[in-house]
Structure formats: C-alpha cells, structure tokens
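A.B. asks: Fold the following, please.
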Amino acid sequence: MSILLIAEVAGGALALDATAKAATAAAKLGSVTALVCGPAAAAQAAAEIAGIDRVLVCEDAAVANGLAENVAALVLQQAQGVTHIVAPATNSGRNVLPRVAALLDAMVITDVTEILDAQTFKRPIYAGNAIQTVQSTDAVKILSVRTAAFEPAASGNAAPVEQVTLADPLALSSHVEDMVVKSDRPELASAEVVVSGGRGVGSQEDFALINGLADKLGAAVGASRAAVDSGYAPNDYQVGQTGKVVAPNLYVAVGISGAIQHLAGMKDSKIIVAINKDEEAPIFQVADYGLVADLFDAVPELTGTL
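C.D. replies: Now for the predicted structure:
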C-alpha cells in the first residue's frame with residue numbers, strides 16, 4: 001500500500017513533533033511518501049524521520065503559506081496510486097483534508113487514535129467518552145491522526161527528496177499575514193509539562209499566577225474554554241474539545257472545574273494534578289493528585305517552593 005503523508009509546516013519550518021507522530025501512524029499502513037509544502041530545509045528535516053521512504057517537496061509560492069485550496073490541489077495531483085492520505089489532526093490538517101475528501105468523493109476519518117488494519121480505525125466520539133471503530137471501503141482512505149495517541153518516530157533516516165510543482169495554482173485566496181503569539185515557552189501541543197488556568201483564576205491580571213508557575217516548571221501554558229471566552233488567555237492557549245488536545249507527562253489544572261469538553265483535550269495526560277477549592281469539582285475524578293485549596297494561596301506557595 002502507498003501512503004501519502006501531508007507533513008505539517010509552520011512558519012516555513014517543519015513541525016517535527018506533529019509530523020513525526022503522524023509518520024508513526026502512517027508507517028503502520030505501508031510505504032510512506034511525505035509531501036512537504038515549504039522550503040527545502042523542511043523537506044530535509046522530514047527526510048530524517050524514520051518510516052518515511054520518500055519526500056516530495058513543493059516550494060511554489062502558491063502553497064508556501066499552506067493555502068488550503070492549493071495544498072488540496074497538490075495532494076490530489078500526487079494521489080495517483082495512493083491508498084491512504086494521512087495528516088496530523090491540527091488546524092492545518094483539518095483545513096486541508098475535507099477539501100481533499102470532497103475532490104476524491106471520499107469520507108474523512110478524523111482524530112484516529114488507533115489503526116487496526118488498512119481499512120479499520122478507532123477514533124473518540126462524544127467528547128472522548130466513547131471510542132468508535134470505523135471501517136472504510138473508500139478507494140482512498142483519508143485520515144487525520146490525533147498526534148497525542150502516537151509516539152514520535154525516531155530520527156536518523158535519509159529518505160530521498162524529490163521536487164514537485166503545482167500544475168494549476170488556484171487564485172481563490174491569498175496569504176496576507178500570520179498572526180501568531182510568540183513565546184519562549186514550549187509549544188502547547190507537544191510540551192512535556194502543561195499548566196492550565198480556568199475560570200477560577202478570575203481575571204487576565206491574575207492569570208499571571210499561571211504564567212509564573214509555568215515558568216518555574218518550564219511548562220507550556222494552557223487554558224479552559226471558559227478562561228479564553230472570559231478574556232483571561234488568548235485562543236492559542238485553549239485546551240479541550242474545541243481547542244488543542246494534549247497528552248503531556250504532567251498536566252496541572254488550576255481553577256478548572258473539569259467540564260467534559262475540557263477533559264476531552266487533556267485526560268490522556270500521564271499525570272494530572274488539580275488545584276480547586278471545590279472538592280466536588282469533576283476534575284478530581286480524573287486527577288492523579290488533587291489539592292482542595294484556594295488557588296490564590298496554593299499557587300504562589302507552590303511557585304515559591306519550586
């Protein structure tokens with residue numbers, strides 16, 4: 001079987017963690033060809049990921065910034081003889097794959113967490129409270145992979161790299177600018193430690209408590225949807241069903257009640273620590289360690305102790 005993996009490229013560089021985890025999933029299905037829409041350096045980084053047998057790189061301006069219409073057209077152009085098209089379940093992957101599926105008249109199997117065989121896959125539904133087994137008879141299976149469910153592939157590979165071009169660029173949209181929150185902290189989706197704040201933090205000013213604890217732990221900062229909707233934290237911080245799905249080694253939930261939508265984005269974390277003054281908060285049902293305390297007392301004390 002021939003697998004086409006759409007590599008994740010952000011800011012002109014390969015998103016190594018997401019691509020390497022998606023490569024682990026894709027390699028379970030057959031021979032993997034990675035498609036990189038970006039510079040040669042990103043293609044070379046993809047070529048070093050174990051399990052990738054070949055890399056196609058397109059440096060055309062039409063796909064350089066990930067415009068979904070042109071990327072989908074390029075994927076379709078390279079899909080001859082392909083049995084599976086795979087991408088990480090990121091914002092980029094979710095943007096491109098439905099367009100590819102429409103062009104191929106196929107379904108998209110989203111957020112795959114386990115591959116049973118070439119046409120059978122498992123994915124979470126109902127905010128992660130049930131696992132659905134999906135079997136597809138489409139000629140081309142189109143999958144988005146939940147990267148938190150797979151280990152990253154090793155490095156040290158040396159796959160050949162081949163240049164490709166987009167035959168007929170579409171002029172349906174144009175890239176204006178990327179508005180990205182810049183931070184010295186680890187990227188949220190791939191961080192080993194995450195500290196998240198919820199509605200209980202109370203204000204944007206008090207969210208500095210979360211930032212301070214994260215700095216001491218070398219952690220990424222997350223937030224519940226309630227905190228984001230209240231303006232305490234930017235959208236990029238949101239963890240949950242409608243935000244980012246994370247599975248760090250340590251997840252610290254501060255002032256987060258534990259609504260089902262939030263749990264869907266972090267309950268696969270290795271160790272979960274919850275700080276909440278409400279001892280009945282649902283977050284304690286999934287926490288490995290729980291501290292029933294006022295966060296305005298507990299967090300400064302914890303930060304000062306570290």
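
A.B. asks: Quick check: phi and psi on L104?
C.D. replies: Dihedral pair for L104: phi -100, psi 0, per degrees, to the nearest 10.

A.B. asks: Could you pull up the residues touching it?
C.D. replies: Going by Cβ atoms under 8 Å, 6 or more residues apart in numbering, L104 touches L76, A79, D138, A139, V140, I142. The way it works is simple: take the backbone N, C-alpha and C, and place the C-beta from them, glycine included.

A.B. asks: Same question for L4.
C.D. replies: L4 is in contact with T33, L35, V75, Q78, A79, V82, H84, I85, V86, counting by Cβ under 8 Å, 6+ apart.

A.B. asks: now do A189
C.D. replies: Applying Cβ under 8 Å, 6+ apart, we find A189 in contact with D17, A18, T90, T147, A148, K244, V245, V246.

A.B. asks: now with 10 Å?
C.D. replies: The contact partners of A189, taken as Cβ atoms under 10 Å, 6 or more residues apart in numbering, are 15, 17-18, 21, 88, 90, 147-148, 220, 222, 239, 243-248.

A.B. asks: So which of the residues you listed sit within strands?
C.D. replies: Judged by DSSP state E, the contacts of A189 include P88, A220, G222 as members of strands.

A.B. asks: quick check, nearest of those residues to P152?
C.D. replies: Distance to P152 across the ones in strands among the contacts of A189 (Cβ to Cβ) is lowest for P88, with 11.2 Å.

A.B. asks: Wait, that closest one touches A15, no?
C.D. replies: Yes: applying Cβ atoms under 10 Å, one finds P88 in contact with A15, separated by 7.7 Å.

A.B. asks: More neighbours: which of the two?
C.D. replies: Using other Cβ atoms under 10 Å as the criterion, P88 and A15 rank with P88 on top: 27 against 23.

A.B. asks: Report the contact partners of the more buried one.
C.D. replies: Counting by Cβ under 10 Å, 6+ apart, P88 touches 5-8, 15, 17-23, 25, 94, 144-147, 150, 189.

A.B. asks: N95 now?
C.D. replies: By Cβ under 10 Å, 6+ apart, the contact set of N95 is G66, L67, A68, E69, V71, A72, A87.

A.B. asks: quick one, domains of this protein?
C.D. replies: Split into domains by the TED database, the chain comes to 2-163, 193-305.

A.B. asks: Report the distance from the longest one to the chain centre.
C.D. replies: Yep, that's domain 2-163 we're talking about. What separates the centre of domain 2-163 from the centre of its chain is 12 Å, taken as Cα atoms, centre = their mean, to the nearest Å.

A.B. asks: Can you read off the pLDDT for L56?
C.D. replies: Confidence at L56, expressed as pLDDT, is 96.

A.B. asks: Next: V176.
C.D. replies: pLDDT recorded at V176 is 79.

A.B. asks: one step back: include distance to I256 when you put the ones in strands among the contacts of A189 into CSV, please.
C.D. replies: What follows is the ones in strands among the contacts of A189, written out as CSV (distance: Cβ to Cβ, whole Å):
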residue, distance to I256
P88, 26
A220, 15
G222, 9
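
A.B. asks: from those, which is closest to V164?
C.D. replies: When the ones in strands among the contacts of A189 are ranked by distance to V164 (Cβ to Cβ), P88 comes first, at 20.5 Å.

A.B. asks: quick one: the helices in the stretch 151-300 of the chain?
C.D. replies: Applying DSSP state H, counting those that start in this stretch to the stretch 151-300 of the chain gives helices spanning 208-217, 225-229, 260-263, 295-305.

A.B. asks: name the helices or strands packed onto the second one?
C.D. replies: So the one you mean is helix 225-229. On a contact count with 3 or more Cβ pairs under 10 Å, 6 or more residues apart in numbering; DSSP states H and E, helix 225-229 meets strand 193-197, helix 260-263.

A.B. asks: what's the offset of the longest one from the middle of its chain?
C.D. replies: Meaning strand 193-197. Here strand 193-197 shows a centroid-to-chain-centroid distance of 16 Å under the convention Cα atoms, centre = their mean.
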